[in-house]
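> The sequence and its predicted three-dimensional model are supplied below.
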Amino acid sequence: MFFKAHLKSLLPGLFLTTAIALIAKLVEQAERSLLGHGWIESLVFAILLGVVVRSVFGLAKLFHDGVRFCGKTVLEIAIVLLGASISAQALGQAGFGLIAAIVLVVCTSLFLSFHIGRLLGLSKHLAMLVACGNSICGNSAIAATAPVISAKSDDVAASIAFTAVLGVLFVFALPLVHVGLGLSAAQYGIFSGLTVYAVPQVLAATAPAGPLAVQVGTLVKLIRVLMLGPVIFALALMGGRKREVRLPVTQMVPWFIVGFVATMAARSFGMIPEIALEPMRTISSFLTILAMAALGLSVDIRSVMHVGGRVMAAALLSLLVLCALGLLVLVILA
């Protein structure tokens, strides 16, 4: 009886977030058809649509339970499934020097980007979200990090919306870097993989330089994505240690991080059938869009716009730091 009543309270919010998520997917498909590329991901459209709906119509109490469920539980399930899209086998395809360089770039970028955000007046949570998004894998990293550090909906929406715009602009600018610096295809692939936010954007950025640039860029980017697990695990431990009461590791680390690592390990050891990988990626992607729609519905647009300029400045400076680190890696590996 309790389960039935609980489900009934969730349904209105679930229907609303699902409708917004489906519209966001349709908008992305229209974008691909018209422009040839999905420059802005559907999860960004989902946030924006959610914010518009909340701002224009408000959010009746009827929808609250379902929206909260999508923003938390559905997102956590999506993060667990995300682990299936990451394989440690990618490490075996790169030399130790390149792997070490990628790890150092991610760690250095995280540290510097976080402190840049703090110097610009961003809250600790917002600065960490921008740092993780820039340093690891854009929107996916922000979405995965948010529940670990208990970030507010406004902070998540601001970090995703403004860094997404910057990420798209950067993809357009990258070919100029290739030509201007006279990089080889392999060097351009390494630089793109180290600096571009999302895997699809790496493909778009490296395609003009040929197949070798695409292959190298994708490999470097995937190794960078592998850092997501250790980073969110470390953030969870750090957050637990800062509490007044010392908790065991099993309580300091949220269940979905354990699930993420377990799913990634299962993929790496071949325990997940190949036929199941694509459906798991698709489900994870859609659940993330659903969660972002819920996030948008929870956002106070005034709070987002209030920090917008500082978020964009932090993201831009962080990206410049990442570019400098990327060029330094090219010099070292030359």
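Received it, and whenever you're ready, just let me know what you need.
> check contacts around the most centrally placed residue in the chain.
Using C-alpha atoms, centre = their mean, the residue of the chain that lies closest to the mean C-alpha position is residue 140, 1.9 Å off. Contacts were defined as C-beta atoms under 8 Å, 6 or more residues apart in numbering; by that measure residue 140 touches 82, 198, 225, 228, 288. Glycine gets a C-beta too; all of them are placed from N, C-alpha and C.
> in which helix or strand would I find it?
Element membership for residue 140 (DSSP states H and E) is helix 139-149.
> CA-only coordinates of that helix in CSV, if you can.
Included here for helix 139-149 are C-alpha records, laid out as CSV according to Å, rounded to 0.1, in the frame of the first residue of the first chain:
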residue,chain,number,x,y,z
ASN,A,139,28.8,17.8,-18.5
SER,A,140,29.1,14.1,-17.6
ALA,A,141,31.8,15.0,-15.0
ILE,A,142,29.6,17.8,-13.6
ALA,A,143,26.6,15.6,-13.3
ALA,A,144,28.6,12.8,-11.7
THR,A,145,30.3,15.1,-9.2
ALA,A,146,27.2,17.1,-8.1
PRO,A,147,25.6,14.5,-5.9
VAL,A,148,29.0,13.5,-4.4
ILE,A,149,29.6,17.1,-3.1
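> quick one: it to chain centroid distance?
Going by C-alpha atoms, centre = their mean, to the nearest Å, the spacing between the C-alpha centre of helix 139-149 and its chain's C-alpha centre is 7 Å.
> What residues of the following helix or strand past it count as buried?
Past helix 139-149, further along toward the C-terminus, the next helix or strand under DSSP H and E is helix 153-181. Neighbour counts using 16 or more other C-beta atoms under 10 Å place 153-164, 166-168, 170-171, 174-175, 177-178 of helix 153-181 among the buried residues.
> try stretch 44-52
Using 16+ other C-beta under 10 Å as the test for burial, stretch 44-52 gives 44, 45, 46, 47, 48, 49, 50, 51.
> Show me which of those residues is closest to residue 21.
When the buried residues of stretch 44-52 are compared for distance to residue 21, the smallest value, 5.5 Å, is given by residue 46; criterion: C-beta to C-beta.
> What mean pLDDT does the host helix or strand of that closest one get?
With the criterion set as DSSP H and E, the secondary-structure element containing residue 46 is helix 42-57. Per-residue confidence for helix 42-57 averages out to 84 on the pLDDT scale.
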